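Q: turn this into a model:
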Amino acid sequence: MDGIAGMWSVLPGPMRDPVLFAIPFFLLLLTLEWTAARKLADLERGSYRARDAWTSISMGLVSVATTAGWKFLALLGYAAIYTYLAPWHLSPRQWYTWVIAILGVDLLYYTYHRIAHRVRLIWATHQAHHSSQYYNLATALRQKWNNSGEVLLWIPLPLFGIPPWMVFAAFSVNLIYQFWVHTERIDKLPRVIEFIFNTPSHHRVHHGMDQEYLDKNYGGILIVWDRLFGSFAPERFRPHYGLTKQVDTFNIVKLQIHEYASIIADVRAARSWRDRLGYVFGPPGWQPASSRASAALRQ
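A: Numbers count the residues shown, from 1 in each chain. Model (predicted):
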């Protein structure tokens, strides 16, 4: 305990209170996320390929630990931003602060999620979640281990005056909501729900590798973001799940890092800096113009 107290003592005075206030909520929400993950996985047990399910569950349990590390770093940064840079502090006692926090997290989640599908370097982190060829509640646990992109994208929330612990609370609500949409057991819901919220039908489309479904339905809680920004697609047929180039392994480390390795190989083989940047920051599957021309000639 003395070591922890010493760590806090090196922080500037105004930062100590926000950080100390956030720690209990931080630990509580991590515990709730872990418990929800275990319980929801148990509900679906026996309805899918066991080895694939245990791969997803294992990735999720490791993710709890890695996410805790990223959130701890974010907590310190958010506390500094909230304390020193936010022009005002919104009260958690006001209902509208919770509305702003939950809607803000959901919109920023949509933004990050869309970027993750269109920028290969970030896709390398996110693709692990899409690597299962099955779709059930266990798939919801197949989470990435690198949350750096998300925590950076949440910076506008403490800057706008949302208390740091509320940022994490709102994200936990968002994450837990998304567990139940990973199922094929629920068909389409009443129209008003399907119009506003992300549902199993909408999220099945998102996990589909079919051409019609690629890069669609990024929403977390609300599907209205997709409707507003042109990324919505309805479920017209049962999707085929997984990656467009399937990775046939149950090794959780390979599933997390294989795309990074592919990026490194492509960059090393590239002939120009423009091509190297394209392989890193272009969309997944990007090829130099010369490669596309050669492929067209072969056809």
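Q: residues near residue 278, how many?
A: Here the number of neighbours of residue 278 (other C-beta atoms under 10 Å) works out to 19. For glycine as for every other residue, the C-beta is placed from the backbone atoms N, C-alpha and C.
Q: now residue 51
A: Using other C-beta under 10 Å, residue 51 has 9 other residues around it.
Q: these two touch, right, it and residue 248?
A: No. In this structure residue 51 lies outside contact range of residue 248 using C-beta atoms under 8 Å: 11.9 Å.
Q: element containing the residue nearest to residue 217 when sequence neighbours are not counted?
A: Nearest non-adjacent residue to residue 217, counting by C-beta to C-beta, 6 or more residues apart in numbering: residue 206, 4.1 Å away. With elements taken from DSSP states H and E, the one containing residue 206 is helix 200-207.
Q: which helix or strand lies directly C-terminal to that helix?
A: Toward the C-terminus from helix 200-207 - assigned by DSSP H and E - lies helix 224-229.
Q: averaged pLDDT, the helix or strand following that following helix. What do you get?
A: Scanning the chain past helix 224-229 towards its C-terminal end, the next helix or strand to appear is helix 252-269 (assignment: DSSP H and E). Within the predicted structure, the mean pLDDT of helix 252-269 is 96.
Q: what does stretch 278-296 give?
A: Rounded to a whole number, the mean pLDDT of stretch 278-296 is 79.
Q: what does stretch 188-195 give?
A: When pLDDT is averaged along stretch 188-195, the result is 97.
Q: not counting its own residues, what contacts it?
A: Stretch 188-195 is touched from outside by 199, 201-202, 223-224, 227, 235, with contacts defined as C-beta atoms under 8 Å, 6 or more residues apart in numbering.
Q: can you tell me which of the residues you listed comes closest to residue 78?
A: Taking C-beta to C-beta as the measure, residue 224 is the one of the contacts of stretch 188-195 closest to residue 78, at 26.6 Å.
Q: just the pLDDT at the closest one, thanks.
A: pLDDT, residue 224: 98.
Q: wait, it touches residue 196, no?
A: Yes. Contact status for residue 224 versus residue 196: in contact at 5.9 Å, counting by C-beta under 8 Å.
Q: show me which of those two is the more surrounded one.
A: Higher neighbour count among residue 224 and residue 196: residue 224, with 17 against 14, using other C-beta under 10 Å.
Q: for that one, list the residues it contacts.
A: With contacts defined as C-beta under 8 Å, 6+ apart, residue 224 is in contact with 195-196.
Q: and if you look at residue 119?
A: Under the criterion of C-beta under 8 Å, 6+ apart, the neighbours of residue 119 are 281-283.
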